[in-house]
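Asker: okay, here's the prediction I keep looking at, along with the sequence it came from:
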Amino acid sequence: MFNYMKFKELTVNYHLTKACNMRCKFCYATFTDLGCVKHDYEKSVQLIHALARAGFGKITFAGGEPTLVRELPALVKLAKSLGMTTCVVTNGSRLLNDGFVDLLAPHLDWLALSIDSLDEAINMKSGRKLSGDQTLDADYFEKVIAEYRKYGVKIKINTVVSQYNVHEDLNVFILRNKPNRWKVLQATAVEGQNSDHTGQFEVSDNEFDAFIQRHYPVENRICTVPEESNLIRGSYVMVSPDGCFFDSSMGYHTYSNPILQTGVEAALQQIHFDFEKFKQRGGIYDLKKNHTLPKVITFSGEVGSGKSSAGKILAQLLGYTFHSLGNSARERAREMGMGIVEFQSYCQQNPEYDQYLDIEFASKCNGLTNAVIDFRMGYKFIPEAFHVFLKVGAMEAARRLNADMREGENTNTIEQRNFSFKNQFNQNYGEDYTNENHYHLVIDTEKFNSPYEVAVFIIRSIKSNQ
């Protein structure tokens, strides 16, 4: 059962209306299954009071297109007066209408702009266009951002990655406008909402990952939050235009009884909401805090866990340099005319020399900033860094190493190598490097499909726990 003490950490998305002035083919909130629903201002007022009393700390007004609701500024003002953090997610088309900025912005904490593409042809094809085939361009959005920032409103950009924009490059636009948060969502099929276009807009996990990787220059400068389809489903608390909680975890909308009749807590129990997914996708964050990343991140881990691969990708995503004790050891082995296996055996037989190498490598690393360091004893020798430990089972480790053309590895050799490292560090320093208490973040890499996913998870975990 959901712990309602956590309400204060949650955002409730209130879809004020099903009306919209665009026809995005991937839209999951068309509410065609509800029939005719007219906005009822008094009912919205009662709903917002009920949600605030229940303890929801943040409210996002969505649609359809919420700016089509004449009373939107009044509802935002009400939510703000009740102590809620306020946000409006919009296609942006009406934000510069006469007098609208002055009505909405003073009571708005966040403005979320839905921007999938800046290419007119792509927006025309995807349905993100107004009547008369009018689309919104970069200049228009930059005017919107400038106007609302005058009131201190924080800016979020929401981008849905679909087949229409999967090859788009938004790096320049995002970096130039510096949103406080950039949410990148994988287009998701929802039966009864975007069924007419199912099969046309969806992207594979690999295509979505490629879009994220293409935008790695943004990662180190902007709080970027990728959301895959599996994280989206069931991780949002949403209220429909007719005043019911709803979710799409089953691939279609399911609705609670009306909130005002049933009560917030009872109605929320009638739909599926996964609080762990909500946390995993970075749903909990301090809306007033600028996210910063640690200047140095160390990787430790078991044989075959992918620490070198994930470390290199993480460094690339962050624009950091990558340093590895293994690389230093290989250089030293060449200088001594040894192969790496012979050199490792030499170090085990000469622990003083092994310790000298650790200390020498650590002395270089402690002067670094903006660095990712592959160093099993990094937690001991680089104490000010953020420390990550990667785990993997022996069977999966052997499979990975054999696939990487490192033949002859099996569960026995993996276990022997792990024991050897553990014994070596215990003899040298009296330390168990596998003790998870040494690390800020411990990851079982068998739960991820690639080192890239591990690197993205590390960034997301650091940002969401600040």
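Answerer: That came through fine. Every value quoted in this text rests on a predicted model; they were computed, and no experiment measured them. Residues are numbered from 1 along each chain as shown.
Asker: do a quick rundown of the strands in the stretch 101-250 of the chain.
Answerer: Ranges of strands within the stretch 101-250 of the chain are 110-114, 154-161, 181-186, 224-227, 237-239, 244-247, based on DSSP state E, counting those that start in this stretch.
Asker: let me have the ones you listed in JSON lines, extended by mean neighbour count and distance to Glu453.
Answerer: For every residue, glycine as well, the C-beta is placed using N, CA and C. Shown next, in JSON lines, are those (neighbours: other Cβ atoms under 10 Å; distance: least, Cβ to Cβ, whole Å):
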{"stretch": "strand 110-114", "mean neighbour count": "23", "distance to Glu453": "25"}
{"stretch": "strand 154-161", "mean neighbour count": "22", "distance to Glu453": "16"}
{"stretch": "strand 181-186", "mean neighbour count": "22", "distance to Glu453": "13"}
{"stretch": "strand 224-227", "mean neighbour count": "24", "distance to Glu453": "10"}
{"stretch": "strand 237-239", "mean neighbour count": "23", "distance to Glu453": "26"}
{"stretch": "strand 244-247", "mean neighbour count": "23", "distance to Glu453": "25"}
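Asker: of all these, which one is nearest Ile48?
Answerer: Ile48 lies closest, by Cβ to Cβ, to one member of the strands of the stretch 101-250 of the chain: strand 237-239, at 9.7 Å.
Asker: give me the mean pLDDT for the closest one.
Answerer: The pLDDT scores in strand 237-239 average 93.
Asker: now do stretch 208-225
Answerer: 83.
Asker: kindly report the same for stretch 185-204.
Answerer: Here the average pLDDT along stretch 185-204 is 92.
Asker: same deal with stretch 147-164?
Answerer: Stretch 147-164 comes out at a mean pLDDT of 94.
Asker: contacts only, for the residue lying closest to Gly192 once chain neighbours are set aside.
Answerer: Spatial nearest neighbour of Gly192, chain neighbours left out: Asp33 (4.7 Å); criterion: Cβ to Cβ, 6 or more residues apart in numbering. Residues near Asp33 by Cβ atoms under 8 Å, 6 or more residues apart in numbering: 192-193, 253.
Asker: show me the contacts for Ile458.
Answerer: Listed by Cβ under 8 Å, 6+ apart, the contact set of Ile458 reads 297, 310, 314, 388, 441, 443.
Asker: among those, which lie within strands?
Answerer: 297, 388, 441, 443 (DSSP state E).
Asker: hmm, the third one is touching Val388, no?
Answerer: Just to be clear, that refers to Leu441. Yes - Leu441 lies in contact with Val388 (Cβ atoms under 8 Å); the separation is 4.9 Å.
Asker: quick one, which of those two is more surrounded?
Answerer: Per other Cβ atoms under 10 Å, whichever of Leu441 and Val388 has more neighbours is Val388, with 26 against 16.
Asker: which two among the ones in strands among the contacts of Ile458 are spaced furthest apart?
Answerer: Among the ones in strands among the contacts of Ile458, Ile297 and Ile443 lie farthest apart (Cβ to Cβ), at 12.5 Å.
Asker: more neighbours: these two, which one.
Answerer: Shown here are Ile297 and Ile443; by other Cβ under 10 Å, Ile297 has more neighbours (26 against 22).
Asker: for the strand or helix carrying Gln416, which helices and strands make contact with it?
Answerer: Assigned by DSSP states H and E, Gln416 falls within helix 411-429. Applying 3 or more Cβ pairs under 8 Å, 6 or more residues apart in numbering; DSSP states H and E, we find helix 411-429 packed against helix 351-365, helix 394-403.
Asker: can you give me the angle the first one makes with helix 411-429?
Answerer: Direction vectors for helix 351-365 and helix 411-429, defined by axes from the mean of the first three to the mean of the last three Cα atoms, to 10 degrees, enclose an angle of 80 degrees.
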